[in-house]
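1. Would you be able to build a 3D model of this:
(chains A, B, C and D)
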Protein chains: 2
Amino acid sequence: MTDETSSAAPRRRRADAERNRQALLEAARAALADGAAPFSLEAVARAAGVGIGTLYRNFPTKESLVAAVYEAQVTELIDEAGRLLDRLPPGEALGEWLRRFAHLAATKRGMLDALRRGVLESVQQDDVAGRRGRLAAAIAPILDAGARDGSLRGDVQAEDVVVLAAGALMPVEVDAARVERLLGLVTDALRPA
Amino acid sequence: MTDETSSAAPRRRRADAERNRQALLEAARAALADGAAPFSLEAVARAAGVGIGTLYRNFPTKESLVAAVYEAQVTELIDEAGRLLDRLPPGEALGEWLRRFAHLAATKRGMLDALRRGVLESVQQDDVAGRRGRLAAAIAPILDAGARDGSLRGDVQAEDVVVLAAGALMPVEVDAARVERLLGLVTDALRPA
DNA sequence: GCCGGTACCGGAGGTCCCTCCGGTCGAGCC
DNA sequence: GGCTCGACCGGAGGGACCTCCGGTACCGGC
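-> Numbers count the residues shown, from 1 in each chain, chains lettered A, B, ... in the order given. I've put the predicted structure just below:
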C-alpha cells in the first residue's frame, strides 16, 4: 500500500499531517498513563485538538493507536530475546523472556487489549508480518538453541508458543502468583518428553 | 441474592416478569443462532417486545445473557467430565474433555466472549461460585485420578488448568489444526516430570 | 370485586465507536 | 508571489451500550 520500497519519489507527508499524528500520539500516551478515566478515542482527539476523523485516518483501530504508543516497548522486548540468549541457557532464557512479556502486558494499560487483537486474532496487516509474527520471530532463536542442546523440544512452532503464552496471560488481572504458575506450565509444556 | 435455599417464603416472582425473562431468552437464542447480523442487545429487547431496561434488569451484562442461553450446554459439558472418567484413563479423559470444551467454545457464537469475561476475568458473582469454579470442579476429579495412578502430575490446581486452556483457546478463530496443537501443549504440561 | 403497595416496566438520554463526505489549505510549479 | 489540485481536515450522524427514574399494573388482603 505505502511506497517506502518503490525507488522513485517517496512523496513527503504534509507537515500538518505529521504534526497531527504526533499530537495524537502524545495525547494517547497521556490518556493511557492517566489510569483513571476510561481510554476514549474521542477524548484523545479532543485533547490533541484534532477532529475524530483525523484520528481514525492515522489509526484505523483503537488497537493500532495503542500499539503505536507502545511501539518502543515492544521493540525493546523483541531485542531483549537475543540478549537473554547470549547470557542464559535456552530454557532459562525462554522463561525469563516470558516473564518480561507478562510484565509488559500487566503493566501497560491497554496493552492487553491491543495484544488480544494484534497477537491472538488472525493478523491480516502486513506491517512486518503483524505483531504475532514479530514476537514469534523474536523467540524462534531461543527455541532453536534449546532444540540443539536438548533442553527444549524441537517440534513446537514459535507462533504457537506466543499464542499459548499470550492466551494464558491475557485474562489474569493482577494475580502475580497465578501468572507465575501459568508461565511455569507453559515452559513445562516445552520440555522434551 | 436469590432465595431457593431459605426455607421461609420464596416470594414468588411476578408472572409478567417471568414471561419477559423467557421471551428475552428466546429472542437471544434466535439472535445468536442467526449468524448474520451482529448480536445487539437492543435488537434482542425489540424482538422480545420488551424495553431495554427490562433486558438489563434480567441480565446485567451481555455475557450473563449469553451464559444463560448456553446454560444447558455448559451443564452438559460439566456432567460429561464424570462420564469420560468412567470409561477412559485420566490422561485421555482430560484430553477428550478439553477437546469438547474447545468444540463448545468454537461452535457457539458469543460463547467465546462470555467465557472471556466469565471464566477468565476474576469472578465476583456467587452463582455456584462462578463459571470458572464450576468448570474447575468438573475436571478436578480427573486430575485427582491422574495424580493417583501417576499419569498426571498432582501439583496443579484445576483452576489453573481451566484458565490456561480457556486462554489458549480463546483467541484462535477457526484454525482447527492450531487448536489441536495448543491442546496438546496443555496436556503435555500436565504430564509428570 | 376492589384497593394499596411495590415489584417491575420502558424508553429517554449520555457516551462511545466508527464512517463518510463537503470543504480547506499546504506543497510544488510557474 | 500566485495558482492549482489533491491530500488532508473536521464533525455530523447512525448505531450500540448502559443508567436512571417516573409511571404502571400485578399480587395479596379485605
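
2. Following the one helix or strand residue A:76 maps to in sequence, what is the next regular element?
-> Secondary structure assigned from DSSP states H and E places residue A:76 in helix A:71-87. Scanning forward in sequence from helix A:71-87 by DSSP H and E, the next helix or strand is helix A:90-107.

3. got the buried residues for that next one?
-> Neighbour-count burial for helix A:90-107, counted by 16 or more other Cβ atoms under 10 Å in any protein chain shown, picks out A:90-98, A:101-102, A:104-106. Backbone N, C-alpha and C define where each C-beta goes, glycine included.

4. Show the backbone phi and psi for the residue nearest to residue A:192 when sequence neighbours are not counted.
-> Using Cβ to Cβ, 6 or more residues apart in numbering or on different chains and skipping residues adjacent in sequence, the residue nearest residue A:192 is residue A:153, 4.6 Å away. Here is the backbone geometry of residue A:153 (degrees, to the nearest 10): phi -70, psi 150.

5. Against DNA strand C, how distant is residue A:110?
-> Plainly put, residue A:110 is 10 Å away from DNA strand C if you go by Cβ to the nearest atom of the strand, to the nearest Å.

6. The residue nearest in space to the middle of chain A and DNA strand C: what is the separation?
-> For chain A, residue A:74 is the residue whose C-alpha lies nearest the centre (Cα atoms, centre = their mean; 4.9 Å). Remark: distance between residue A:74 and DNA strand C (Cβ to the nearest atom of the strand) = 20 Å.

7. Contact partners for that residue?
-> Contacts for residue A:74 (Cβ atoms under 8 Å, 6 or more residues apart in numbering or on different chains) come out as A:67, A:104, A:131, A:134.

8. Tell me the residues of chain A that contact DNA strand C?
-> Counting by Cβ under 7 Å from any atom of the strand, chain A comes close to DNA strand C at A:12, A:14-16, A:38-43, A:52-53, A:56, A:60-62.

9. about what we covered before: and the angle for the helix holding residue A:76 with helix A:90-107?
-> Inter-element angle recorded for helix A:71-87 and helix A:90-107: 160 degrees (by axes from the mean of the first three to the mean of the last three Cα atoms, to 10 degrees).

10. that older thread, between the contacts of residue A:74, which has the least confident prediction?
-> Among these, residue A:131 carries the lowest pLDDT, at 75.

11. May I see the buried residues of the host helix or strand of that residue?
-> Assessed by DSSP H and E, residue A:131 sits inside helix A:130-149. Buried residues in helix A:130-149, counted by 16+ other Cβ under 10 Å: A:130-140, A:142-143, A:145-147.

12. for that helix, packing partners?
-> Contacts defined by 3 or more Cβ pairs under 8 Å, 6 or more residues apart in numbering or on different chains; DSSP states H and E place helix A:130-149 against helix A:71-87, helix A:90-107, helix A:158-169.

13. Just want the angle from it to helix A:90-107.
-> Per the same axes, to 10 degrees, the angle that helix A:130-149 makes with helix A:90-107 is 160 degrees.

14. Can I get stretch A:186-193 in CSV? Just the C-alpha atoms.
-> Written as CSV, here are the backbone C-alpha positions of stretch A:186-193 (Å, rounded to 0.1, in the frame of the first residue of the first chain):
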residue,chain,number,x,y,z
VAL,A,186,3.9,-23.2,29.6
THR,A,187,7.6,-23.8,30.0
ASP,A,188,6.9,-27.3,31.3
ALA,A,189,5.0,-28.0,28.1
LEU,A,190,8.1,-27.1,26.1
ARG,A,191,10.4,-29.6,27.9
PRO,A,192,11.5,-32.6,25.9
ALA,A,193,9.5,-35.8,26.6
